[in-house]
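Q: Sharing a model prediction with you, sequence too.
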Amino acid sequence: MSSNLVITKEIENYINVYSHKLTKVQKEIISYNNSLGDIKRMQISISQCHFLHLIVKISNAKKILEIGTFTGLSSLTMSLSLPSNGELVTIDKNVERNKIALNFFKKAKQENKIKLIVGSALQSINKIKKNNKKFDIVFIDADKENYKNYYDQSLDLIEKNGLIIIDNVLWHGEVVDPNKKDKITTIIREFNSYISSDKRIENIIIPVGDGLAVCRKL
């Protein structure tokens, strides 16, 4: 059995050259995030942009829920892949970053597809559930302490064959380092174990960016 290729910076650049091209506004968000210092790590990778673009297209998704907006790169990527009558709801508690994201959405002429909710994700999800709203895809990229809560709540928001996609499940590779016993690494390990044994879904972990878990509801 052949082993997985180690993705160097050079290979990553090569992949980006020969993959689906990002739009001007997507590139502008990346440039803006690069000016933010260490917090830019909250942005999804370009390879994850490519993956999300394709998964939204091939799944024929029309309604997406995103938990964790940051400055809007993942939101915009998925919205651009939705049909003209599609809808993306994205939740983030940071008021200032929501304003920044909204400006990028307007530049990309996607503000009619994207609904921004500012506030607690768990409280917002509970309100959405009370309205019996359903989604085709839920994308989770928020505080890791609540990953299990977000995941469990999201299962009620999708129908059979709906997808839940979770970012950072490889956590910079630290999930396999036995010497890493900090709180967040432990949470991610326990979360991965939880979803791998969950009979309500089937899942795979894809090694793009910081690792994506893709879960299909059975």
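A: Yep, that arrived. Residues are numbered from 1 along each chain as shown.
Q: Parallel or antiparallel, list what pairs with the longest strand anywhere in the chain.
A: Looking across the chain with DSSP state E, the single longest strand is strand 158-167. Sheet pairing of strand 158-167 (DSSP bridges) gives strand 135-140 (parallel), strand 212-217 (antiparallel).
Q: out of these, deepest packed?
A: strand 135-140 (a mean of 24; mean count of other CB atoms under 10 Å). All C-beta spots, glycine's among them, are computed from the backbone N, C-alpha and C.
Q: and the helix or strand following that one, average pLDDT?
A: Once the chain leaves strand 135-140, the next helix or strand it forms, by DSSP states H and E, is helix 147-155. Mean pLDDT, helix 147-155: 98.
Q: Summarise which helices and strands helix 147-155 is packed against.
A: Contacts defined by 3 or more CB pairs under 8 Å, 6 or more residues apart in numbering; DSSP states H and E place helix 147-155 against strand 63-67, helix 121-130, strand 135-140, strand 158-167, helix 183-196.
Q: who touches that helix?
A: Contacts to helix 147-155, defined as CB atoms under 8 Å, 6 or more residues apart in numbering, come from residues 65, 67, 121-122, 125-126, 129, 138, 140, 142, 164, 166, 187-188, 190-191, 194-195, 200-201, 215, 217.
Q: cutoff 7 Å now
A: Helix 147-155 has contacts (CB atoms under 7 Å, 6 or more residues apart in numbering) with 67, 121-122, 125, 138, 140, 142, 164, 166, 187, 191, 194-195, 200, 217.
Q: any idea which helix or strand carries F70?
A: Short version: F70 belongs to no helix or strand, going by DSSP H and E.
Q: coming back round to it: can you redo the helices and strands packed on helix 147-155 as TSV with distance to K24?
A: Below are these laid out as TSV (distance: least, CB to CB, whole Å):
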stretch	distance to K24
strand 63-67	22
helix 121-130	30
strand 135-140	23
strand 158-167	24
helix 183-196	34
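Q: Just say which of these is most tucked in.
A: Neighbour counts (mean count of other CB under 10 Å) averaged over each of those peak at strand 63-67, with a mean of 26.
Q: neighbouring strands for that one, and are they parallel or not?
A: strand 87-92 (parallel), strand 135-140 (parallel).
Q: These: which one's closest to H50?
A: Of all the strands paired with strand 63-67, strand 135-140 sits nearest to H50, with 14.5 Å by CB to CB.
Q: Output the strands paired with strand 63-67 in CSV, with mean pLDDT appended to each entry.
A: Shown next, in CSV, are the strands paired with strand 63-67 (pLDDT from 0 to 100):
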stretch, mean pLDDT
strand 87-92, 98
strand 135-140, 98
